[in-house]
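Visitor: Predicted model and sequence follow; I will ask about them next.
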Amino acid sequence: MLVRGIRGATTVAEDKKELVLEAAYELLLKIQQENDFNPEDIVSVLLTVTPDIKSVFPAEARKRLGWDLVPLMCFQEIPVENALPLCIRVLVHFNCDKKQSEINHVYLKNAVVLRRDLVNKEEHN
C-alpha cells in the first residue's frame, strides 16, 4: 500500500457557519465518493481557509461523514493578493494501491479555476 494525496477546494458565498460546514461536507464527501475509500484508509486531512473565513473550523464537517477517528487539522492560507476569496482547500492523505494518475481531485464551485488541469484531467490524457 502507498500513501497518496487527494487535492480539493470549494468556495462559500459568505462566511457563515452553516455555509462553511455544508461546503466542507460536500467537498469531503465528493472526494470520498470519487476515490472510493473508507475512513479507515485515511492517514490525515489538512484543511485550509482563506483569511476571510473565521466562523467555524471546516474540520467539524467530519461529524456528518462519520470520520470520528480521522486526524484533521485546519490552517489559514497565507494572504496572497488577488487570491480566490472565501475558499476552503483540502489535502487528504490516504492508503491505497492506486497510481497517482488514478486519483480524482475535486474542485467545486468557484474553486474550479484553481486547478482546471486536475478538474478536466480526462481532456489532458
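Guide: Nice, I can see it.

Visitor: Not counting the longest helix anywhere in the chain itself, show me its contacts.
Guide: Using DSSP state H, we find that the single longest helix of the chain is helix 17-35. By Cβ atoms under 8 Å, 6 or more residues apart in numbering, the residues outside helix 17-35 that reach it are 6, 8-13, 45, 47, 49, 53, 55-56, 58-62, 64-65, 67, 88, 90, 92, 94, 96, 98, 103-104, 106, 108-109. To be clear about C-beta, it is placed using only N, CA and C from the backbone, and glycine gets the same treatment.

Visitor: residues touching the residue minimising distance to the centre of the chain, list them.
Guide: Nearest to the mean C-alpha position of the chain, counting by Cα atoms, centre = their mean, stands Val90 at 3.1 Å. Val90 makes contact with Ile6, Arg7, Gly8, Ala9, Ala24, Leu27, Leu28, Ile31, Val45, Leu46, Leu47, Thr48, according to Cβ under 8 Å, 6+ apart.

Visitor: Looks to me like it is in a strand.
Guide: Yes. Counting by DSSP: H, G, I helix; E, B strand; the rest coil, Val90 is located in a strand.

Visitor: Now render the contacts of Val90 as CSV, adding neighbour count, distance to Asn82 and pLDDT.
Guide: Shown next, in CSV, are those (neighbours: other Cβ atoms under 10 Å; distance: Cβ to Cβ, whole Å; pLDDT from 0 to 100):
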residue, neighbour count, distance to Asn82, pLDDT
Ile6, 24, 26, 98
Arg7, 17, 21, 98
Gly8, 25, 21, 98
Ala9, 26, 16, 98
Ala24, 27, 24, 99
Leu27, 26, 23, 99
Leu28, 29, 27, 99
Ile31, 22, 27, 98
Val45, 22, 27, 99
Leu46, 16, 23, 99
Leu47, 22, 22, 99
Thr48, 18, 17, 99
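
Visitor: re the thing from before, list buried residues within the contacts of helix 17-35.
Guide: By neighbour count, with 16 or more other Cβ atoms under 10 Å, the contacts of helix 17-35 hold 6, 8-12, 45, 47, 49, 53, 56, 58-59, 61-62, 67, 88, 90, 92, 94, 96, 98, 103-104, 106, 108-109 as buried.

Visitor: which residues in the chain form helices?
Guide: According to DSSP H, the chain carries its helices in the segments 17-35, 62-65, 116-119, 121-124.
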